[in-house]
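*Asks:* No sequence on hand, only this structure:
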């Protein structure tokens with residue numbers, strides 16, 4: 001644990017990373033050097049403005065957000081606070097860095113306005129859909145079953161990180177969407193206080209942070225969370241080989257987070273290390289023929305096992321009507337202008353289909369890439 005008031009600006013990043021700074025968010029951010037963070041995840045107070053008790057159908061009280069850190073005198077104070085921490089976040093982001101900010105209907109529109117005013121460039125608004133969200137106990141509104149995350153680059157020119165292939169792989173081979181179905185934090189993942197009740201009223205599920213961190217950071221990046229709470233961002237970052245830096249004003253949350261982080265080990269693997277994001281080797285079809293991975297006259301198949309064309313000696317392919325590259329031939333088959341033939345075609349090896357893409361990796365000696 002570090003103390004915001006003890007830090008000298010600009011603080012040395014190596015001295016503060018993988019630590020939690022106890023203190024006011026704006027003050028602590030102000031001690032950090034320009035352009036030090038690769039990614040920021042911010043879960044600020046929502047200014048819920050809850051009035052009266054929330055009662056379940058059986059008459060028992062529902063523990064909503066009643067914490068002092070969510071209290072503001074009005075929108076003017078809330079907006080001023082948000083502008084201050086967002087200004088500092090933009091300053092400490094690297095030029096090609098990005099930020100995720102989460103909120104609900106009470107505050108997300110105000111945050112989005114402020115972020116655009118400050119120069120952030122919105123990339124997506126992601127809907128966190130909660131299958132097990134709390135009901136509307138009074139039956140006076142629709143059940144509020146989602147929150148919104150704004151994913152923004154530092155500015156319009158930023159070359160932000162997006163691990164598209166990794167997210168597609170983790171989404172069963174389909175392009176990932178901007179609606180994420182993830183249950184709220186319950187069970188053993190939910191941190192409890194000495195009284196057995198939830199230690200933090202808005203603890204986020206680790207699955208949510210996994211998608212944030214794996215989609216938009218690289219191994220070794222510094223992930224900053226200016227509202228660290230009980231350390232979900234840090235736990236996920238540490239598990240997947242990223243560095244973290246948390247800022248939290250509540251000492252009890254910091255103690256809980258430190259205990260939690262002490263039990264986290266690095267479990268990164270080839271997927272979290274972004275092996276799928278490595279550019280494919282540049283191997284022409286002619287080389288595959290020259291080195292014996294393909295032979296002239298050999299048929300190429302589609303994913304259904306249907307023969308589409310045969311290989312020619314120069315690396316082109318023919319379907320008996322046209323002689324084309326693998327890309328043009330796959331496009332013809334699909335009725336498109338162009339298509340990636342490496343992903344479309346297969347060969348048969350010992351009775352099973354093997355992707356043509358696999359052969360170019362083998363030929364390049366990059367099997368483990």
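*Replies:* Perfect, thanks for sending it. Just so it is clear, the structure is predicted and the values come from calculations on it, not from any experiment. Residues are numbered from 1 along each chain as shown.
*Asks:* And the helices in the stretch 151-300 of the chain?
*Replies:* Taking DSSP state H, counting those that start in this stretch as the criterion, the stretch 151-300 of the chain contains helices spanning 164-170, 206-216, 232-239, 251-262, 285-290.
*Asks:* buried stuff in the shortest one?
*Replies:* Right, helix 285-290. Within helix 285-290, the residues that qualify as buried by neighbour count (16 or more other CB atoms under 10 Å) are 285, 287-289. For every residue, glycine as well, the C-beta is placed using N, CA and C.
*Asks:* before we move on, what about stretch 317-328?
*Replies:* Residues 317, 324, 326-328 are the ones in stretch 317-328 that count as buried (16+ other CB under 10 Å).
*Asks:* Out of the helices of the stretch 151-300 of the chain, flag the one nearest residue 113.
*Replies:* helix 206-216 (22.0 Å; CB to CB).
*Asks:* contact partners of the closest one?
*Replies:* Identification of contacts with helix 206-216 by CB atoms under 8 Å, 6 or more residues apart in numbering yields 39, 41, 98, 100, 128, 149, 151, 160-163, 166-167, 170, 176, 180, 182-183, 185, 189, 223, 232-233, 235-237, 240, 242, 272.
*Asks:* Among the residues you listed, which lie within strands?
*Replies:* With DSSP state E as the criterion, strands contain 39, 41, 98, 100, 128, 149, 151, 180, 223 from among the contacts of helix 206-216.
*Asks:* quick one on the thing from earlier: filter the contacts of helix 206-216 to the buried ones?
*Replies:* Using 16+ other CB under 10 Å as the burial test, these include 39, 41, 98, 100, 128, 149, 151, 160-163, 166-167, 170, 176, 180, 182, 185, 223, 232-233, 235-237, 240, 242, 272 as buried.
*Asks:* just to revisit the earlier point, farthest pair within the buried residues of stretch 317-328?
*Replies:* For the buried residues of stretch 317-328, the maximum inter-member distance is 10.0 Å, found between 317 and 327 (CB to CB).
*Asks:* For the ones in strands among the contacts of helix 206-216, please prepare TSV with the additional fields pLDDT and distance to residue 313.
*Replies:* What follows is these, written out as TSV (pLDDT from 0 to 100; distance: CB to CB, whole Å):
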residue	pLDDT	distance to residue 313
39	98	49
41	98	54
98	98	48
100	98	52
128	97	54
149	98	53
151	98	49
180	98	49
223	98	52
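*Asks:* between the residues you listed, which is closest to residue 14?
*Replies:* Nearest to residue 14 among those: residue 223, at 15.4 Å, using CB to CB.
*Asks:* in the stretch 1-150 of the chain, what spans have low per-residue confidence?
*Replies:* 50-65 (pLDDT under 70).
*Asks:* One more pass at 50, please.
*Replies:* In the predicted model of the stretch 1-150 of the chain, residues 52-57, 59-62 satisfy pLDDT under 50.
*Asks:* Please enumerate the strands of the stretch 1-150 of the chain.
*Replies:* With DSSP state E, counting those that start in this stretch, the ranges of strands along the stretch 1-150 of the chain come out as 2-3, 19-22, 37-42, 93-103, 121-129, 146-153.
*Asks:* Can you give the strand pairings for the fifth one, parallel or anti for each?
*Replies:* Pairing partners of strand 121-129, with direction, according to DSSP bridges: strand 146-153 (antiparallel), strand 179-181 (parallel).
*Asks:* Report the angle between that strand and helix 206-216.
*Replies:* Note on geometry: by axes from the mean of the first three to the mean of the last three CA atoms, to 10 degrees, strand 121-129 and helix 206-216 are set 150 degrees apart in direction.
*Asks:* Can you check the pLDDT for the residue nearest in space to the middle of the chain?
*Replies:* Nearest to the centroid of the C-alpha atoms of the chain, with distances taken as CA atoms, centre = their mean, sits residue 212, at 1.9 Å. Per-residue confidence (pLDDT) for residue 212: 98.
*Asks:* Kindly report the same for residue 282.
*Replies:* Taking residue 282 on its own, its pLDDT is 89.
*Asks:* and what of residue 360?
*Replies:* Taken from the predicted model, the pLDDT recorded for residue 360 is 91.
*Asks:* so where does it fall, helix or strand?
*Replies:* In this assignment (DSSP states H and E), residue 360 forms part of helix 356-363.
*Asks:* Show me the contact partners of that helix.
*Replies:* For helix 356-363, using CB under 8 Å, 6+ apart, the contacting residues are 280-281, 283, 287-288, 291, 293-294, 300, 326, 341-347, 367, 369.
*Asks:* could you redo the last one with a cut-off of 10 Å?
*Replies:* Taking CB atoms under 10 Å, 6 or more residues apart in numbering as the criterion, the residues outside helix 356-363 that touch it are 278, 280-285, 287-288, 290-294, 300-301, 311, 326, 330, 340-347, 349, 354-355, 366-369.
*Asks:* In strands only, show me those.
*Replies:* The subset of the contacts of helix 356-363 that ends up in strands is 300-301, 311, 346-347, 349, 354-355, with DSSP E as the criterion.
*Asks:* Looking at those, spot the one nearest residue 138.
*Replies:* Nearest to residue 138, judged by CB to CB, of these is residue 355 at 55.5 Å.
*Asks:* Name whatever forms a beta bridge with that closest one.
*Replies:* In this structure, residue 355 has beta-bridge partners residue 346, where bridges are defined by DSSP bridges.
*Asks:* so how far is residue 324 from it?
*Replies:* As defined by CB to CB, to the nearest Å, residue 355 lies at a distance of 19 Å from residue 324.
*Asks:* By residue count, which helix of this structure is the longest?
*Replies:* helix 75-92 (DSSP state H).
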